[in-house]
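Enquirer: With the sequence up front, the predicted model follows.
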Amino acid sequence: MKRIRNACELCRRKKLRCNGELTCQNCMVYGEECRYVKRVKHDNRAAVQENERYPILYTPLSTSDHDNDEENEINELKNAVKALDKRFDNFELKLEALFSLLRSQQDSERKVKPGGFPSLVSQILSAGALVDSKLQAYTMRTNFFSNGFSSNDLFPHSFPTWKSAFRDVPDKDWAKTCLDWYFRFINCNWPIFYKKQYMESFEKLYIDKNLVKGAWIVSFYAILALAVSRDKRVDNSKLAESFFATSWFLIQRPGFFLTPQLEKIQALVIMIQFASHLSLYNLCKKLCGQVCLMVKDLNLHKESTDKDLDQDMAELHRRIFWVCYIFETTTSLIFGTPPVLGDLEIECKYPDINYAHCFAENVQGDLIFTCEISLTVLKHEIRTKLYNSNNVFLDKGQKGVISNIQTKILNFERAIPSEMKHYFEILKAGNGLPEELDIIKQHFFTACVEIYLSYCNTLIYLYLADDSIEGSKICLSTARAAIDVIKGFLVVLDPISKNICYLWLFLYCPFTPFLTVFSHLLEDDDLDADICVKDVDRLYSIHAFFLKMKDISGEFAERLSVITENFIQSAEQYLALQNTSVFGTFDALSESFSI
């Protein structure tokens, strides 16, 4: 019996198993004629697609014109090999170009300047690397930060908890005293509330809680936290943190961050001020991020086109934006994170000094505020145009940028109000405190110290990007002048140091001149012995400043004091190896600054 491999038509139609015989068993059962039809073999599409993935370098030869086909095949193979060789050559050239670019960038970064803006952590890491490189020559310690170093090593990590929150409304008279202090000493320099409007809401709170908005309640408890923490008579840190925890709990309620409101931005700004006091940088960055989103949603960075918006509200919008701009830009400089508000197309006017009396009784705070706006704008311009440039070497274009910023700094110096210029001259001369400083003048003088240090840092940032000898001299002399001011006015006077601003803006300022002078001590091999001793004296004064700041800024200032102490010891160790005659004076210095 003939056996066929394919199934018969009946078995195919009924989907039966065919035994391939003629006649098959199924046809015998159904009494059908058993017929087998030769089926057309279809290509395996999966195999075809797999083959199509690879280039066809030749075609099968037909039986006709065998010689011509063989010649064509050889030519096609030769062309394919040539094309492949050319592609390999181009690939090697591109790789070599990439490696060359990478090497040139690494060399230029080592020779000229760091690739990014000198954030707090990057400055500390650069100083540690400098210590390692200098002590390697003496086969000594070669890893200053053996376990690595980051922002996590500087700032504590904790968030407020509802367990510690203040769950009641405080006494009205006591709360009013705290608010009066806030508008007298904080809102004057960082104006975000009209005092009259805020106090009207305060009166409503003690009539009926439902008459005030939830965002206002957040700002109220945050202001209480600020005021309590600045009380010099008693230590109320737990009570201050309790008020702040209440604000923190209230903003966790659903919907707070969903809709942007001016009152919410005001509340978050106060919380940022207190979070910086606690050195909670994670919390501070999160709050700054939420503030930036609301600022952009409300278009506060642009002048309002609403004709129905009165001038008072337009002025409030401007001041709130510039406070947020300073806070966000400062934190981005400290942590080396990309700026948010600084990269916007800012069309917001500067504050109008005629409105200063609406925010605080002391109108001099507006002078401090406008100066800090100008300096922050300059710092952001220095960062974006010099440190984030793809051209690492100072070509003509970058030198032009430096010259342009120098002109703007000169304009800033000329525009400094006469009241501040008087104090600036006293700071530069170093002849002691002005006569008859009452509490208001003392607060204004302290704010002038902060502005002067911020101004010095702006110059340091600018000339760190300038590789010229003249630029290095200006950078070093500015750093020394900044440290002399700290040594003369902030280290020795407790009342002055108690009035400083909470923001990292101030705590960050002393560290940049410290590291500038420290780097010069290790890098200059021809340093005069007397100058060397004076510079080490300056480093000790910054260390003493951070020790005194521990009662205000707590753990963060303490960690900075430890870092400065380690750097000073390393500098003394290196200088002792370089010149033993100088090292004998260091012991007396360290004893005189021991606290």
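Expert: Arrived safely. Numbering: from 1, shown residues only.
Enquirer: Just the element for the spatially most central residue of the chain, please.
Expert: In the chain, the residue lying closest to the centroid (Cα atoms, centre = their mean) is residue 332, at 2.4 Å. According to DSSP states H and E, residue 332 maps onto helix 311-335.
Enquirer: how far away is the residue nearest to residue 164 when sequence neighbours are not counted from residue 251?
Expert: Spatial nearest neighbour of residue 164, chain neighbours left out: residue 245 (4.8 Å); criterion: Cβ to Cβ, 6 or more residues apart in numbering. In short, each C-beta sits where N, CA and C put it, glycine included. Distance, residue 245 to residue 251, by Cβ to Cβ, to the nearest Å: 11 Å.
Enquirer: what about these two, which has more around it?
Expert: residue 245 (21 against 18; other Cβ atoms under 10 Å).
Enquirer: what's the helix or strand for that one?
Expert: Per DSSP H and E: residue 245 is located in helix 237-251.
Enquirer: Which secondary structure element comes immediately after that helix toward the C-terminus?
Expert: That would be, after helix 237-251 and using DSSP H and E, helix 262-277.
Enquirer: what about the residue lying closest to the residue nearest to the centre of the chain once chain neighbours are set aside, which SS state?
Expert: Among residues not flanking residue 332 along the chain, residue 339 sits closest, at 4.6 Å (Cβ to Cβ, 6+ apart). Three-state call for residue 339 (DSSP: H, G, I helix; E, B strand; the rest coil): coil.
Enquirer: The residue nearest to residue 164 contacts residue 161, correct?
Expert: Yes. Counting by Cβ atoms under 8 Å, residue 245 touches residue 161, with 6.3 Å between them.
Enquirer: the helices in the stretch 301-450 of the chain, which residues?
Expert: If you assign secondary structure with DSSP state H, counting those that start in this stretch, the helices in the stretch 301-450 of the chain sit at 311-335, 365-382, 396-415, 418-429, 439-464.
Enquirer: now the ones you listed in a markdown table, with mean pLDDT?
Expert: Putting the helices of the stretch 301-450 of the chain into a markdown table (pLDDT from 0 to 100) gives the following:
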| stretch | mean pLDDT |
| --- | --- |
| helix 311-335 | 90 |
| helix 365-382 | 92 |
| helix 396-415 | 88 |
| helix 418-429 | 86 |
| helix 439-464 | 86 |
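Enquirer: Now the residue lying closest to residue 25 once chain neighbours are set aside: phi and psi?
Expert: The spatial neighbour of residue 25 that comes closest, neighbours along the chain excluded (Cβ to Cβ, 6+ apart), is residue 19 at 5.5 Å. The phi/psi pair for residue 19 (degrees, to the nearest 10) reads phi -90, psi 0.
Enquirer: mind checking which of the helices of the stretch 301-450 of the chain is nearest residue 297?
Expert: Among the helices of the stretch 301-450 of the chain, helix 311-335 comes nearest to residue 297, with 12.5 Å by Cβ to Cβ.
Enquirer: same for the closest one, what does it pack against?
Expert: helix 120-136, helix 262-277, helix 281-297, helix 365-382, helix 504-523 (3 or more Cβ pairs under 8 Å, 6 or more residues apart in numbering; DSSP states H and E).
Enquirer: ok so, going back, quick one: the residue nearest to residue 25 from residue 332, how far?
Expert: Residue 19 is 82 Å from residue 332, by Cβ to Cβ.
Enquirer: ok, residue 275 - contacts?
Expert: 244, 283-284, 287 (Cβ atoms under 8 Å, 6 or more residues apart in numbering).
Enquirer: 7 Å instead, please
Expert: Listed by Cβ atoms under 7 Å, 6 or more residues apart in numbering, the contact set of residue 275 reads 283-284, 287.
Enquirer: ok, now which ones touch the residue nearest to residue 332?
Expert: Residues counted as contacts of residue 339 (Cβ under 7 Å, 6+ apart) are 329, 332, 380.
Enquirer: And residue 90, by the same measure?
Expert: Neighbour list for residue 90: empty [criterion: Cβ under 7 Å, 6+ apart].
Enquirer: Now stretch 18-35 - C-alpha only, PDB.
Expert: Provided in PDB are the C-alpha atoms of stretch 18-35 (Å, rounded to 0.1, in the frame of the first residue of the first chain):
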ATOM      1  CA  CYS A  18      -4.400  10.900   8.600                       C
ATOM      2  CA  ASN A  19      -2.300   7.700   8.400                       C
ATOM      3  CA  GLY A  20      -1.100   8.700   4.900                       C
ATOM      4  CA  GLU A  21      -2.300   5.500   3.100                       C
ATOM      5  CA  LEU A  22      -4.300   5.200   0.000                       C
ATOM      6  CA  THR A  23      -7.100   4.700   0.900                       C
ATOM      7  CA  CYS A  24      -6.700   6.100   4.400                       C
ATOM      8  CA  GLN A  25      -8.600   4.800   7.300                       C
ATOM      9  CA  ASN A  26     -10.800   7.900   7.700                       C
ATOM     10  CA  CYS A  27     -11.900   7.800   4.100                       C
ATOM     11  CA  MET A  28     -12.800   4.100   4.500                       C
ATOM     12  CA  VAL A  29     -15.000   5.000   7.500                       C
ATOM     13  CA  TYR A  30     -16.700   7.900   5.800                       C
ATOM     14  CA  GLY A  31     -16.900   6.200   2.400                       C
ATOM     15  CA  GLU A  32     -15.200   9.000   0.700                       C
ATOM     16  CA  GLU A  33     -12.800   9.000  -2.200                       C
ATOM     17  CA  CYS A  34      -9.400   9.400  -0.800                       C
ATOM     18  CA  ARG A  35      -7.500  12.100  -2.700                       C
END
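Enquirer: Now that stretch: average pLDDT?
Expert: Average pLDDT, stretch 18-35: 77.
Enquirer: What about residue 137, how many residues nearby?
Expert: Residues lying near residue 137 (other Cβ under 10 Å) number 9.
Enquirer: how close does it sit to residue 522?
Expert: Using Cβ to Cβ, residue 137 is found at 11 Å from residue 522.
Enquirer: all helices for the stretch 51-200 of the chain, in order.
Expert: 66-111, 120-136, 172-185, 195-205.
Enquirer: out of these, nearest to residue 155?
Expert: Closest of the helices of the stretch 51-200 of the chain to residue 155 is helix 120-136, at 9.9 Å (criterion: Cβ to Cβ).
Enquirer: Which elements pack onto the closest one?
Expert: helix 504-523, helix 555-578 (3 or more Cβ pairs under 7 Å, 6 or more residues apart in numbering; DSSP states H and E).
Enquirer: next structured bit after the first one?
Expert: Next helix or strand after helix 504-523 toward the C-terminus (DSSP H and E): helix 529-548.
Enquirer: Give the residue spans of the stretch 101-250 of the chain that score low on pLDDT.
Expert: Scanning the stretch 101-250 of the chain for pLDDT under 70 picks out the ranges 101-116, 139-148, 156-159, 162, 231-235.
Enquirer: Quick check: residue 149 touching residue 124?
Expert: Yes. Applying Cβ atoms under 7 Å, one finds residue 149 in contact with residue 124, separated by 6.4 Å.
Enquirer: So for those two, which sits in the more crowded spot?
Expert: Legend: neighbour count by other Cβ under 10 Å for residue 149 and residue 124, higher for residue 124 (23 against 15).
Enquirer: got a list of what the more buried one touches?
Expert: Residue 124 touches 149, 563, counting by Cβ under 7 Å, 6+ apart.
Enquirer: where's it relative to residue 560, distance?
Expert: 9 Å.
Enquirer: Now render the contacts of residue 275 as CSV, adding neighbour count.
Expert: Shown next, in CSV, are the contacts of residue 275 (neighbours: other Cβ atoms under 10 Å):
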residue, neighbour count
283, 22
284, 25
287, 25
